[in-house]
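1. Sequence and computational prediction follow.
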Amino acid sequence: MHIVIITDSIDNQKTGIHYYTKNLVLSLLKYDNKNTYTLIHREKNNFYKNKKNIVINGKGQIYELYRKLFLLPKLINKLKADIVIEPSHLGPFRIKKPTKTISVIHDLSNFLYPSCHKLKNNIVHKFFLPQIIKNSDILITPSETSKKDIEKIFKRTKNIYILPPAISKPKKDIKRIIKSPYVLFLGTIEPRKNIETLIEAYKELKNEKKINHTLIIAGKIGWKSKKITKHFDYPSIKYLSYVDKNQKASLLKYADLFIFPSIYEGFGIPPLEAISYKTPVITSTGGSLKEIFGETVETFEAKDKKNLKTLICKHLNNPLIKKKFTEIGPKFAENYYREKIAKKFLKIINNIIN
């Protein structure tokens, strides 16, 4: 079979969908020796070396719409692919039969928490996403929580597959880049991540002299972030902006505690990566986080600052918790390494053809 994957997010994003798409492509190319793949994307970069790919560039909102609705479908239809995969919510559009379409719906946060997004982003999703969910042959979503959201909001119940994202195996021989002890948050700086609750809890613990750790916040600045970034000048908060894969690996490995306080998540890649490095993790119960991580991590209600403070102190003052994650972390993470996720994805592909 000839499978086309639209990989724009590898070129123009540095968020969870970027890593999802990159790991999906690497997984399928490495473990699928039966099918051929063509990657369609925006601009040249080293990721595509030795991979069959086609660049369709373009900038500006009007051209982007034209590209999505006309240029990409024209090319894909010309390629006569058996399957086209869009890993980034919006698409694929106007694909002619018999080509089958797979759309990955990571979450429905634009519908459930519109105040956490830009108005323009909400309008685009509310205009296009219902059509995509209705017309795609297969929907893939990372959790049972997201699947139920799709069923409830859009009334679609057939051909929805749950497939979690793949992660890379932990890197070895990593140098420590932060010498002092620290607590870590890693993710896009935006309201849905609920970083303000974490910062408030951290400041109070500092003022109460209950912790001596630095709070490291790493991630790309997103939308509606001014209320969050105003806290970054606090003396023991260190903001690192976007970090590359080696910096991220070091931060995850050497953190004494990773905290992920999101209001809502369709999955949650950063805490999974932290677990793979045997780092203790606290997450909120927002969206699918309780479902995914279960009893593996400690959880709190997203706005329960008091409980978050209690859990932070518990983790930082109990060496047995670190030992627990050393034992269970690798086993839990193994379920999400590329080989296993690739095999699950290939089963879905076989189902759609057969």
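-> Yep, that arrived.

2. List the buried residues for the helix or strand encompassing Ile312?
-> According to DSSP states H and E, Ile312 maps onto helix 305-316. Of the residues in helix 305-316, 305, 308-309, 311-312, 315-316 count as buried by neighbour count, 16 or more other Cβ atoms under 10 Å. Any C-beta I mention is one placed from the backbone N, CA and C, and that applies to glycine too.

3. ok, now stretch 281-295?
-> 281-284, 286-289, 291-293.

4. end-to-end on that stretch?
-> 11 Å (Cα to Cα, to the nearest Å).

5. will you turn the buried residues of stretch 281-295 into CSV that also has pLDDT, secondary structure and distance to Ile95?
-> As requested, those are exported to CSV (pLDDT from 0 to 100; DSSP: H, G, I helix; E, B strand; the rest coil; distance: Cβ to Cβ, whole Å):
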residue, pLDDT, secondary structure, distance to Ile95
Val281, 95, strand, 40
Ile282, 96, strand, 43
Thr283, 97, strand, 37
Ser284, 97, strand, 38
Gly286, 95, coil, 34
Gly287, 95, coil, 30
Ser288, 96, coil, 29
Leu289, 96, helix, 34
Glu291, 95, helix, 32
Ile292, 95, helix, 31
Phe293, 93, helix, 36
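
6. any chance of those in TSV, with distance to Lys118 too?
-> Output for the buried residues of stretch 281-295, formatted as TSV (distance: Cβ to Cβ, whole Å):
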residue	distance to Lys118
Val281	29
Ile282	29
Thr283	25
Ser284	23
Gly286	20
Gly287	20
Ser288	23
Leu289	24
Glu291	28
Ile292	27
Phe293	29
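
7. sorry, back to before: any idea which helix or strand comes after the helix holding Ile312?
-> Next helix or strand after helix 305-316 toward the C-terminus (DSSP H and E): helix 319-334.

8. So for that following helix, mean pLDDT?
-> The average pLDDT within helix 319-334 is 85.

9. Distance to Leu240 and pLDDT added to the buried residues of helix 305-316, as JSON lines?
-> Listed next are the buried residues of helix 305-316 as JSON lines, based on distance: Cβ to Cβ, whole Å; pLDDT from 0 to 100:
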{"residue": "Lys305", "distance to Leu240": "24", "pLDDT": "97"}
{"residue": "Leu308", "distance to Leu240": "22", "pLDDT": "98"}
{"residue": "Lys309", "distance to Leu240": "24", "pLDDT": "97"}
{"residue": "Leu311", "distance to Leu240": "23", "pLDDT": "96"}
{"residue": "Ile312", "distance to Leu240": "20", "pLDDT": "97"}
{"residue": "His315", "distance to Leu240": "21", "pLDDT": "92"}
{"residue": "Leu316", "distance to Leu240": "20", "pLDDT": "92"}
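
10. just to revisit the earlier point, can you tell me which of the buried residues of stretch 281-295 is closest to Ala342?
-> Ile292 (19.3 Å; Cβ to Cβ).

11. Thanks again, I'm all set now.
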